[in-house]
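Peer 1: I'll drop the sequence and a predicted model, then ask my questions.
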Amino acid sequence: MSTLGKMYLNGRIVDYADCKVHAFSGAVKYGAGVFEGLRGYWNETESELYIFRLREHVERLRFGMKAMRFDSVGEADALVESVLAVSRANAIRGNAHFRMIAFLEGDDELPGTGPVGIVVGAVQRPPAKRIETGVAVGISSWTRIPDNALPPRVKCTANYVNNRAAELEAKAGGYDGVLILTGEGKLSEASGACVFLVRNGRLITPDVGSDILESITRDTVIELARTRLGLAVEERRVDRTELLIADEAFWCGSGQEIVPIVSVARQPVGDGKPGKVTRAVQQAYFDVVYGRVRERPEWRTPVWQRP
Ligand SMILES: Cc1ncc(COP(=O)(O)O)c(C=O)c1O
């Protein structure tokens, strides 16, 4: 996977090789950054690239910068344009994953708050096999960062030391991925995705007080489950034992999309295969992100045929 040749840095499209930050910037020294991962979906019939929920990603980036006490949080329209500019500069006509990072550029001491840089880059990604097969996950011995230590609800770069430790441990244990529990031992989320259980036809997901990221895909799944699939959704604290008795489970995220969880700590979830409800959620999700259905047009920002 390699980043495409044209990137956006502080208002300009630059070559990948010229997209640089000082090695003594606050971003490098202290992990003072916030980022977004989002996707563009290529609709072959319409010859269009749709960026999924671009406005919401930009707004989360902005409230992430606010939570980090950055000097400025940027103009929403300019941030939206930065993703469109990268798409066009790379002539993207296929599925792509974008990363935007807002970071402290200055060589300052710990309480520095600016200047704030913005960088955007893209990779083209084929669909992942795990969407079909599902993943076998472990439960981390690492605790999810609590909100009174680091801000889990925003995508602060430094948070990901926690997620990375959990992933490294899971990989060493032979798992495809990992679930992380809160300090109280309740289910929080996966290392790069939010988690849903299915029990008796209802969806259950940890609430935003469970030290999760305020996930845009989680919100999408809740909306589609209620409005398109007619499913009840519970947002609440989730006990660890609920993983053992769930009929189905999946995780979701912009990068991960909708991935069935087929076992937890080597115990099968349900019958150990991707379940019917999970498949229905996948179908509803992919229909909407690609624009195969007309509903929720405000979630899809077209790159090539701008109104
Ligand atoms: C820790 C974590 N949780 C959840 C998610 C899902 O968030 P979203 O749906 O906004 O992509 C991500 C996505 O990158 C993540 O890194």
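Peer 2: Now that the structure is in, tell me what you want to look at.

Peer 1: Do you know the pLDDT at the nearest residue to residue 173 once chain neighbours are set aside?
Peer 2: Excluding its sequence neighbours, the residue lying closest to residue 173 (C-beta to C-beta, 6 or more residues apart in numbering) is residue 138, at 5.3 Å. The way it works is simple: take the backbone N, C-alpha and C, and place the C-beta from them, glycine included. If you check residue 138, the pLDDT there is 98.

Peer 1: count of residues packed around residue 291?
Peer 2: Per other C-beta atoms under 10 Å, the neighbour tally for residue 291 reads 21.

Peer 1: Dig out what the closest residue to residue 94 other than its chain neighbours forms beta bridges with.
Peer 2: Nearest residue to residue 94, sequence neighbours excluded (C-beta to C-beta, 6+ apart): residue 42, at 4.9 Å. Judged by DSSP bridges, the bridge partners of residue 42 are residue 49.

Peer 1: Okay, residue 42 and the ligand: tell me how far apart.
Peer 2: As for residue 42, its distance to the ligand is 19 Å (criterion: C-beta to the nearest ligand atom, to the nearest Å).

Peer 1: What lies in contact with the host helix or strand of residue 301?
Peer 2: Per DSSP states H and E: residue 301 is located in strand 300-302. Applying C-beta atoms under 8 Å, 6 or more residues apart in numbering, the contact partners of strand 300-302 are 41, 48-52, 54-55, 80, 84, 288-289, 291.

Peer 1: I figured residue 303 hits residue 86, correct?
Peer 2: No. Using C-beta atoms under 8 Å, residue 303 is not in contact with residue 86; the gap is 9.7 Å.

Peer 1: so what sits against both of those two?
Peer 2: Shared contacts of residue 303 and residue 86 (C-beta under 8 Å, 6+ apart): residue 92.

Peer 1: List, one by one, the residues from the stretch 51-200 of the chain near the ligand.
Peer 2: Contact residues, the stretch 51-200 of the chain versus the ligand (C-beta under 6 Å from any ligand atom): 163, 189, 192, 193, 194.

Peer 1: is it true that residue 65 lies in a helix?
Peer 2: Yes. Under DSSP: H, G, I helix; E, B strand; the rest coil, residue 65 falls within a helix.

Peer 1: since we're on the residue lying closest to it once chain neighbours are set aside, how many residues are nearby?
Peer 2: Distances taken as C-beta to C-beta, 6+ apart place residue 73 nearest to residue 65, at 4.2 Å, with adjacent residues excluded. Look at residue 73: counted by other C-beta under 10 Å, it has 20 neighbours.

Peer 1: secondary structure element for residue 73?
Peer 2: Applying DSSP H and E, one finds residue 73 in no helix or strand.

Peer 1: do you know how far it is from residue 276?
Peer 2: In this view, residue 73 and residue 276 are 42 Å apart by C-beta to C-beta, to the nearest Å.
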